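1. Need the 3D shape of this:
(one chain, ligands or ions: 2)
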Amino acid sequence: MISFKDAYKKVLDLYQDFGHEQVSLETAMGRILAEDIVADRNFPPFNRATKDGIAINYDAIEKGLTTFKIEGVLAAGMPPQPLMDASNCVEIMTGAVVPDNADTVVMYEHLVIENGSATLTKSPSRGQDIHICGSDQQKGDLVLKKYSTITASEIGVLAAVGMASIKVRSLPKVAIVSTGNELVEVEEIPLPHQIRKSNIHTLYAALSEASIVPTKLHLPDEKASIKKALDNTLKEHNAVLLSGGVSKGKFDFLPQVLEELGVEKIFHGVFQRPGKPFWFGIQRETNTVVFSFPGNPVSTFANYNVYFKDWLRRSLGIQIPKIDVILEEAVAVKGDLTMLLRVKIRFKQGHLAASLVKENGSGDLCSLVHTDGFIILEPKIDAYEVGELVPFVPTRDLL
Ligand SMILES: Nc1nc2c(c(=O)[nH]1)N[C@H]1C(S)=C(S)[C@@H](COP(=O)(O)OP(=O)(O)OC[C@H]3O[C@@H](n4cnc5c(N)ncnc54)[C@H](O)[C@@H]3O)O[C@H]1N2
Ligand code: MOO
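-> Numbers count the residues shown, from 1 in each chain. Ligands and ions are numbered 1, 2, ... in the order given. As a prediction, this is how the structure comes out:
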């Protein structure tokens, strides 16, 4: 048994580098950029009209003109055209290139158009309604930084700079494994002594948030078949996430089998609740990391969120967020276990405030739907007080 802090450090110390790969823009969502992205041209790439109306040369207004003969119409997508006579105007649509010798756009709402001329009904200011070439970003500017997470915002920028194929950090090949003879498939009607599998579906869904599509496997509580199946699984994956079969029961074969398969135990058992019997190791030969989570649903879920997610972040080279929340109630943590407590979050004057979720132990799967994350409280003599800041690991998006 080791302390929570030591266990966390040992897990993160075994981060791995999975390199990088090219993916298409369509499949880049959620991935981590493995290269800096620079603007291939100015943003915007030309002086762009930002209103539908007319383009004029402001000098003509200074000379006293308020009515302008219309020379033609410029639509978005048309090649640039000059204003032939600087005392005329050209109708221009949003997104069209403003003629070189025009410097001001006036929208239709401030004009009367009659007999081929436009008359101003409101005096404009020089330069209005033009998005100046290069005023957002210049060609060669850094627009996206290596290690950024690609969200919808980044996708738009990648598209704009012509990145149909993008270099991203490669993801680990992950296997998720449930164990236990009491478990049946979701579609099945369980017998009175059975339950449906849930952990494997939770883990599958959680990994999909990180764009990982894991291999799924189920192992019966039978040593020989566990050993055979795990042997292959370890060879074919970078990380294996198991749930169940790691505590002291007569059928908890995993710790023994893993060691027989040459997986080096880094630790077994952490002074924490839930998730105390967590077993963690590495098969050096294949460099496969093994997270063997205790089977109680909240134990598996807490350990996934607290350990695996940060191990993955470290492996991908992205920053690990450190979030503190304000306690809304006093909490006493006595004894020797670090507590990972389920909390509900609300926004209180712009800060995250946490109150404990009513729960019934680490088997209480349904409590997780009321949970926004876990606060991590080390044992201490005095109770944690209302208003105290404590570390928080979110398990869902909070906005
Ligand atoms: N003598 C001791 N007994 C136990 C200890 C201990 O220290 N000494 N620790 C307890 C703690 S804490 C936990 S947590 C559990 C962990 O046990 P295992 O990892 O061996 O898990 P199982 O016994 O296989 O399962 C526990 C519980 O969770 C249910 N389960 C398992 N897998 C799934 C799944 N995929 N989906 C849904 N539910 C699952 C399983 O049916 C059990 O009810 O050990 C305590 N015992
Ligand atoms: O520590 Mo076990 O993970 O509660 O219930």
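2. Which positions are bridged to residue 280 in the beta structure?
-> Beta-bridge partners recorded for residue 280 (DSSP bridges): residue 267, residue 291.
3. contacting residues around it?
-> Under the criterion of Cβ atoms under 8 Å, 6 or more residues apart in numbering, the contact list for residue 280 reads 7, 10-11, 265-268, 289-292, 307. Every C-beta, even on glycine, is put in place using the N, C-alpha and C of the backbone.
4. Ok, residue 309 next?
-> With contact taken as Cβ under 8 Å, 6+ apart, residue 309 is in contact with 210, 393.
5. in the stretch 151-300 of the chain, what spans have low per-residue confidence?
-> Residue ranges of the stretch 151-300 of the chain with pLDDT under 70: none are present.
6. who in it is up against ligand 2?
-> 273-276, 294, 296, 299 (Cβ under 6 Å from any ligand atom).
7. near ligand 1 too, which of those?
-> Restricting those to those touching ligand 1 (Cβ under 6 Å from any ligand atom) yields 274, 276, 294, 296, 299.
8. picking up where we left off before, are any of the contacts of residue 280 buried, and which?
-> Those of the contacts of residue 280 that meet the buried threshold are 7, 11, 266-268, 289-292, 307, by 16 or more other Cβ atoms under 10 Å.
9. one step back: with distance to residue 204 and neighbour count added, can I get the ones next to ligand 1 among the residues of the stretch 151-300 of the chain next to ligand 2 in TSV?
-> Conversion of these to TSV gives the following (distance: Cβ to Cβ, whole Å; neighbours: other Cβ atoms under 10 Å):
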residue	distance to residue 204	neighbour count
274	20	27
276	24	19
294	18	26
296	18	22
299	17	27
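10. Out of those, which sit inside helices?
-> Filtering these for membership in helices, criterion DSSP state H, returns residue 299.
11. Make CSV out of the ones next to ligand 1 among the residues of the stretch 151-300 of the chain next to ligand 2 and add distance to residue 60.
-> Listed next are these as CSV, based on distance: Cβ to Cβ, whole Å:
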residue, distance to residue 60
274, 76
276, 81
294, 79
296, 78
299, 76
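12. Of the ones next to ligand 1 among the residues of the stretch 151-300 of the chain next to ligand 2, which is the nearest to residue 323?
-> Of all those, residue 274 has the smallest distance to residue 323: 20.1 Å, by Cβ to Cβ.
13. I'd say the closest one and residue 302 touch.
-> Yes. Applying Cβ atoms under 8 Å, one finds residue 274 in contact with residue 302, separated by 5.6 Å.
14. Overlap in contacts, the two.
-> 340, 362.
15. Residue numbers of the protein in contact with ligand 1?
-> The chain has residues 178-180, 182-183, 195, 197-200, 243-249, 252, 274, 276-277, 294-297, 299, 362-363 near ligand 1, with proximity defined as Cβ under 6 Å from any ligand atom.
16. and with 5 Å instead?
-> On the criterion Cβ under 5 Å from any ligand atom, ligand 1 has as its neighbours in the chain the residues 178, 180, 182, 197-199, 244-248, 252, 276-277, 294-296, 299.
17. Weed out the non-buried ones from those residues.
-> If we count by 16+ other Cβ under 10 Å, the residues of the chain next to ligand 1 have these buried: 178, 180, 197-199, 244-247, 252, 276-277, 294-296, 299.
18. Now the two most distant members of the residues you listed.
-> Pairwise across these, and taking Cβ to Cβ, the largest span is found between 197 and 276, at 22.1 Å.
19. What distance do you get for residue 110 to ligand 1?
-> Relative to ligand 1, residue 110 is positioned 66 Å away (Cβ to the nearest ligand atom, to the nearest Å).
20. Tell me how many other residues crowd that residue.
-> The local packing of residue 110 (other Cβ atoms under 10 Å) involves 18 other residues.
21. Residue 125 is in contact with that one, correct?
-> No. The pair residue 110 / residue 125 is not scored as a contact, 11.5 Å apart, by Cβ under 8 Å.
22. The nearest residue to residue 146 once chain neighbours are set aside and ligand 2, how far apart?
-> Computed as Cβ to Cβ, 6 or more residues apart in numbering, the closest residue to residue 146 that is not its neighbour in sequence is residue 36, at 5.0 Å. Applying Cβ to the nearest ligand atom, the value for residue 36 to ligand 2 is 43 Å.
23. Spit out the contact partners of residue 36.
-> Contact criterion Cβ under 8 Å, 6+ apart gives 142, 144-146 as the residues in contact with residue 36.
24. Do I have it right that residue 307 meets residue 291?
-> Yes. The pair residue 307 / residue 291 is scored as a contact, 6.7 Å apart, by Cβ under 8 Å.
25. Now do the shared contacts for these two.
-> If you check residue 307 and residue 291 against Cβ under 8 Å, 6+ apart, the residues they both contact are 11, 278, 280.
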